[in-house]
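A.B. asks: coordinates for the following, if possible.
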Amino acid sequence: EHFLFPYIQLDFEEAANLMDANRDVVTISIGDEDLKAKRQGPAGGFPPDVADDDPLGSDDKTELLAGQKKSAPFWTFEYYQAFFDVETHHVKERIIGSMLPWPGKNFIQVYLRKNPDLYGPFWICTTLVFACAISGNISTFLHKFGSSGYKYTPEFQKVTIAATAIFTYAWLVPLGLWGFLLWRNNKILNLVSYSFMEIICVYGYSLSVYIPAVVLWIIQVEWLRWCFMVVALCVSGSVLVTTFWPAVRDDNPRVTIAVIAIILLLNALLAVGCKVIILTHDFVPETGAILPTEIAPISILANVKLFQIIV
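C.D. replies: Prediction:
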């Protein structure tokens, strides 16, 4: 067996003679290096990390596979299924964050983290609808209780009215705001942009503070009701303003003021609408006035009399 060098071939004896003549020469053995590397192991006495052998970690593999997976079209159920896949503690954090806003904290950046959900907003709106209907029936009962000839009848129409008002606000207003921000972002490139689902998520969670306020409106004290409504307005409006202010602050000052004013105005209209739905009995006269249910029979009799005269 021989070592091969360029143009030189030496056997073991000649190599030994050369080593004896030059004892200061440092020799390197490939086999020894391999054995040394196996015996040495990782530094610090820690066990070898299996993930180091893989150039792509598990997180990178997951992201790579997710990137290769085709997203479902928006009109399919699979597209919206991802927005309902959320942990309970995430929903809890977002509800608490919407009820305890802090100046300078953007709800989208702090709580959503590019992962909006529709689970929380849907159940918050649904709970608010039934809270308005139930509180309205209880408030009517407490207001009319003890009156002569009063018989309690549930007002199921309050569920329909509350559902129409709340879900219209929670879906159509974010749609309009998203379209407006998208239009302004195309004109002014440095504006902050939000997705449609992020805006819906913010509006849905901003309504969570109205649920305890609506329940407290059962109390038959008018100034307390207005206090609860003002507190709910301030909390919900603070969440919306601190979230959408970065998206419009670099725009024209007039446009910025108009957008913030419209956001707060629509929020106030929803609060007033919920109060009217719950406390409709305060606007219905008990005696001495013609009720809307009596207008139709009177109108029919008048038309019959007019028809008889003409005939």
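A.B. asks: what stretches of the protein score poorly on pLDDT?
C.D. replies: 1-75, 77, 189-190, 280-311 (pLDDT under 70).
A.B. asks: residue ranges of the helices in it, please?
C.D. replies: Read by DSSP state H, the chain holds these helices, from start to end of the chain: 12-21, 30-40, 58-68, 77-81, 88-99, 107, 119-144, 157-187, 196-206, 210-216, 222-248, 253-278, 292-310.
A.B. asks: in CSV: the ones you listed, plus mean neighbour count.
C.D. replies: All C-beta spots, glycine's among them, are computed from the backbone N, C-alpha and C. CSV is the format used below for these (neighbours: other Cβ atoms under 10 Å):
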stretch, mean neighbour count
helix 12-21, 10
helix 30-40, 9
helix 58-68, 10
helix 77-81, 10
helix 88-99, 16
helix 107, 23
helix 119-144, 19
helix 157-187, 16
helix 196-206, 23
helix 210-216, 20
helix 222-248, 18
helix 253-278, 16
helix 292-310, 9
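A.B. asks: of all those helices, which one is nearest Tyr150?
C.D. replies: Tyr150 lies closest, by Cβ to Cβ, to one member of these: helix 119-144, at 4.6 Å.
A.B. asks: packing partners of that closest one?
C.D. replies: For helix 119-144, the contact count by 3 or more Cβ pairs under 8 Å, 6 or more residues apart in numbering; DSSP states H and E identifies helix 88-99, helix 157-187, helix 196-206, helix 210-216, helix 253-278 as packing neighbours.
A.B. asks: could you dump the ones you listed into TSV and include distance to Ala131?
C.D. replies: Shown next, in TSV, are the helices and strands packed on helix 119-144 (distance: least, Cβ to Cβ, whole Å):
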stretch	distance to Ala131
helix 88-99	15
helix 157-187	9
helix 196-206	15
helix 210-216	5
helix 253-278	9
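A.B. asks: out of the ones you listed, flag the one nearest Ala247.
C.D. replies: helix 157-187 (5.6 Å).
A.B. asks: got a markdown table for the helices of the chain, with distance to Tyr150 too?
C.D. replies: Putting the helices of the chain into a markdown table (distance: least, Cβ to Cβ, whole Å) gives the following:
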| stretch | distance to Tyr150 |
| --- | --- |
| helix 12-21 | 117 |
| helix 30-40 | 92 |
| helix 58-68 | 62 |
| helix 77-81 | 46 |
| helix 88-99 | 37 |
| helix 107 | 45 |
| helix 119-144 | 5 |
| helix 157-187 | 18 |
| helix 196-206 | 38 |
| helix 210-216 | 23 |
| helix 222-248 | 21 |
| helix 253-278 | 18 |
| helix 292-310 | 16 |
